[in-house]
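A.B. asks: here are the coordinates; sequence isn't available:
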């Protein structure tokens, strides 16, 4: 085609419509204006016409040479039949219409202006075909056109029946159509030959045009291979053979657009759509061409001189025209016509001239009249005057109605994309019929007998591809794109067009965005907002309405079962709006709504599989791998950990994997199928494999969220196998693909971790893991043609060993992290990097806890042995190493909370180490060892580090409280062990007491008794126990200490203080009555001890009163014990079988009885001492009424107590009830004395 394209402003020149005429160009304007418009007002009927030249290969216009009168056109000019740029391909033709319209001319234009197809344009066709359609009501000649639908666009091409049947006679093709034609339309078909007059008129027109060329161009020699000029004799030859039709079984190596004819403003195809330029198949693949050289110029090539976007009323048409346009001095654009003066212009000729000028936006027509080839005169006619010429009157309004009716008729009935429709009107007939040739062809022979199949498929593909490129608006067109591609694939033979089929399937898979969150289903969803641009083949025809024009075939019963629709009389086309378009939005064009992720991914994988099959079928290699049966599952290899070497074997596999990853950066290529790097197969298979890996990843993630971990592992295994194959084929690994791999490995690590934590359901997970669909097997079969797919076997095996699963999970995260280090991925994807390190830290914590628990289990089993085993120490080291690495992971991403939790676990490990060392030595001779102290102090250090890591409680209150509790527990345990197993062989008693006291106070410091939480009762119990222990220790020191009175006094005060605090805290608790009772009894003992050192009766009496007051205050403890006993007795007999723990989890009967006996004896002793002291005081001094009352009360209580203790048959509850009663009496009786 030509060298230039022009497109410009869509607005018509100012004032064009107002003037009521065509807008003329001034001398200074360009030859082919970017946009011209016109409005004609003829006979009161307004017809709007507007033409925009989208492309022109014509040279600048020159004025035509006005021939002198009496010039003989029968004589050839000197330049006749020489190539002339000024005439273009029309040099030997009558305005381009003598040369047959090429069978695929509309496709050539559609390829060049792919942006317009399917959206903006209603019709794409040669101007000759447009004129022929609009003249149907006026003409008796036959009409035969092929109609194709792409979106809302109709492509019209001449379907030369005579040429087809000539071909059928020679090759045997199209016999089914010939038989159909003869049976239903013309039983006596024979080829009609053109008259001599026809060739005579062609010859003188050709000579006239060469004479009219103004300038010196007449002397140019004729080129050796004039592709576009044809002599009358060659016309005859061409007429006998006709325009070449492609053989139906041929396959393209190239159907790409001519570089000089790429559509204006179209975007280049991205590399992801590998076959956007379907042309790029290399020569060595021996692919046959769609058209041979002779056919190429008349095949899909757009060889019109100009392509015009013509708007006629509301119909938008992309029209090809070869009409030569001349300048003419004051007339910058005129068309030149030759007429026989003896033959008046008829209506058909007038419509021809008028439409040609409208389409090319030519304002005037120059008519040269001749008689027998002798020039007579010239006449100038304005375009708007043509409809009013003598003998050629016609209504422009009627032409407009005809155009609208024909378009409505075709749009309403040519509904199936990919189908070839045949619009036919027999010569002399008034009936116009529309047949679906695709359906007729499929009924008789295979669909590839239709030569339009391939060009239609390519066009569908190109339009879909073009829509995919428009990133900003393609979402709402997804339904249309999908329909285009599905129809394209239906048309093509898989064995002959693997490249286009593979590419179409890949684009179909790309329509489903795997990485997007599922959108809410609503009528406003953009995926369902599809225009009426596409129809799927499965759609039902819409019923015809009588008021919209009857398409019934009642007038010709024999056609009822063949014609899609019929216009019963051409006169109907002149009736305004006789045929209204019933072209409506149809729901089947909507993009399919996938209700869940699995359904969406499965759809994607089905397209990927079809694409892979197409690619694989096109690779011819004798030494191909032995074909595996896709129906036979590929055996999954399981190895016992002992044979693989456990974690050590894993380390080796990881090292090999990282070496492989490193080599990928250098671009190693290793395909087993023999694909050539850079070939379309190679590029397409890479894209398809990558898409499959993404789909399997999304499936795995979805299964993971459903807690189907076996299924998730199967899918991630397939994703990694796909990726492994991609790595084998890829010559240059993109950072985006490496990121995908890091994400896959991260998910694989998650799955292995969850499998480790859900070991109880292992059988179900194993069953899910081993299941495979046929689709998955076939995809895997295709992958195995390129690689062994074993690169990630270490990560995807389903192990039955917990340690192995945890190790594999950790290695997956480590590998994911290593991949992020290869390029700048870490900084480009900070969120993913943080997630990987978090997971790595987490799994290292899990492994650390696993080893720690194993060590604790070994320790609990160790009864006889008195030393720590090597196995235990090895487990400690492993656990510590994991915690340390995990802490480093969290610290490197500033995750203080998780770092604190791991420091806390490390502290727990240190405590387990300390406990392991406490088992050594005899229980009776045991002392708190230095090793225990060392590990407990290390534990304290780690807990303190955890608190420093958190900083304040506000960061994470729960973790803060947990660390504080563990720290308090460590101090408490250490103090308790030092107190119970005092290391007297190494330290002095005073030093031990000091250390115990310090540790207990630190434990109290980190024991939060005030904050309301679930742990508050525990903290209160812990604090009460600490005060109790400290009080007991100071009490013991006081008993055993001799000498320093100041120290004794200090110990006395401290003991009393801690006893008081212990009592207060125990009283807050409802489930520690025994502890409260024990503390009170110790306080009584402490009072008794103090009384022994007193000499005066008054002092002793005061101490006794204090002790009795303590006894009275124990009433609360007895009430709690009584309540629990009553609850125990009240339980129904049926519950006797329930464990005791359920009824009274904290009550120890033996301890209650023991404490009760001690209490009774101490109360009896105190009452007796009180009675004695009060009696002796009464004898010595005058009578005191208050003391008398106390003495009397004490005697009564003492008497009752003696009787009660003597009764051995009393139940525990009765004894407690009595004591509560006696304590009440004691409280009332001594109320005045005891303050």
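C.D. replies: In hand now; what should we look at? These figures come from a predicted structure and were not determined experimentally.
A.B. asks: quick one, what contacts the nearest residue to residue 1057 once chain neighbours are set aside?
C.D. replies: Closest residue to residue 1057 apart from its sequence neighbours, by C-beta to C-beta, 6 or more residues apart in numbering: residue 1031 at 7.8 Å. The way it works is simple: take the backbone N, C-alpha and C, and place the C-beta from them, glycine included. Contacts for residue 1031 (C-beta atoms under 8 Å, 6 or more residues apart in numbering) come out as 1054, 1055, 1056, 1057, 1058, 1059, 1062, 1079, 1082.
A.B. asks: cool, and residue 949?
C.D. replies: Residue 949 makes contact with 896, 899, 900, 903, according to C-beta under 8 Å, 6+ apart.
A.B. asks: ok, the third one touching residue 953?
C.D. replies: Just to be clear, that refers to residue 900. No. Judged on C-beta atoms under 8 Å, residue 900 makes no contact with residue 953 at a distance of 11.7 Å.
A.B. asks: between these two, which has more neighbouring residues?
C.D. replies: Neighbours were tallied for residue 900 and for residue 953 using other C-beta atoms under 10 Å; the higher tally belongs to residue 900 (27 against 15).
A.B. asks: now, the contacts of residue 949 that are in helices?
C.D. replies: Using DSSP state H, the subset of these located in helices is 896, 899, 900, 903.
A.B. asks: what's the single longest strand in this structure?
C.D. replies: If you go by DSSP state E, the chain has its longest strand at strand 45-56.
A.B. asks: picking up where we left off before, widest-spaced pair of the contacts of residue 949?
C.D. replies: Within these, 896 and 903 form the most distant pair, 10.1 Å apart (C-beta to C-beta).
A.B. asks: between these two, which is the more surrounded one?
C.D. replies: Neighbour comparison, residue 896 and residue 903: the larger count goes to residue 903, with 27 against 17 (by other C-beta under 10 Å).
A.B. asks: list buried residues within the contacts of residue 1031.
C.D. replies: 1054, 1055, 1056, 1058, 1059, 1062, 1079, 1082 (16 or more other C-beta atoms under 10 Å).
A.B. asks: and which of those residues is nearest to residue 375?
C.D. replies: Closest approach between the buried ones among the contacts of residue 1031 and residue 375, by C-beta to C-beta: residue 1062, at 134.8 Å.
A.B. asks: got the phi/psi numbers for the closest one?
C.D. replies: Here is the backbone geometry of residue 1062 (degrees, to the nearest 10): phi -60, psi -40.
A.B. asks: these two touch, right, it and residue 1021?
C.D. replies: No. Applying C-beta under 8 Å as the test, residue 1062 and residue 1021 come out as separate, 10.5 Å apart.
A.B. asks: what about the residue nearest to residue 688 when sequence neighbours are not counted, neighbour count?
C.D. replies: Nearest residue to residue 688 in three dimensions, chain neighbours excluded: residue 611, at 4.6 Å (C-beta to C-beta, 6+ apart). Per other C-beta under 10 Å, the neighbour tally for residue 611 reads 28.
A.B. asks: same check on residue 596?
C.D. replies: 10.
A.B. asks: returning to that earlier point: counting contacts, what elements does the longest strand of the chain pack onto?
C.D. replies: Here strand 45-56 touches strand 36-42, strand 306-312, helix 347-360, helix 396-413, going by 3 or more C-beta pairs under 8 Å, 6 or more residues apart in numbering; DSSP states H and E.
A.B. asks: and residue 1068, which of the ones you listed is closest to it?
C.D. replies: Proximity to residue 1068 (C-beta to C-beta) singles out helix 396-413 among those, at 87.9 Å.
A.B. asks: report the mean per-residue pLDDT for that closest one.
C.D. replies: Average pLDDT, helix 396-413: 89.
A.B. asks: repeat that for stretch 327-336.
C.D. replies: Mean per-residue pLDDT for stretch 327-336: 76.
A.B. asks: now, the buried ones among the contacts of residue 1031 that are in helices?
C.D. replies: Per DSSP H, the buried ones among the contacts of residue 1031 map to helices at 1054, 1055, 1056, 1058, 1059, 1062, 1079, 1082.
A.B. asks: so which strand or helix has the closest residue in space to residue 779 that isn't next to it in sequence?
C.D. replies: In space, residue 779 comes closest to residue 609 once its chain neighbours are excluded; the distance is 5.4 Å by C-beta to C-beta, 6+ apart. Element membership for residue 609, per DSSP states H and E: helix 597-618.
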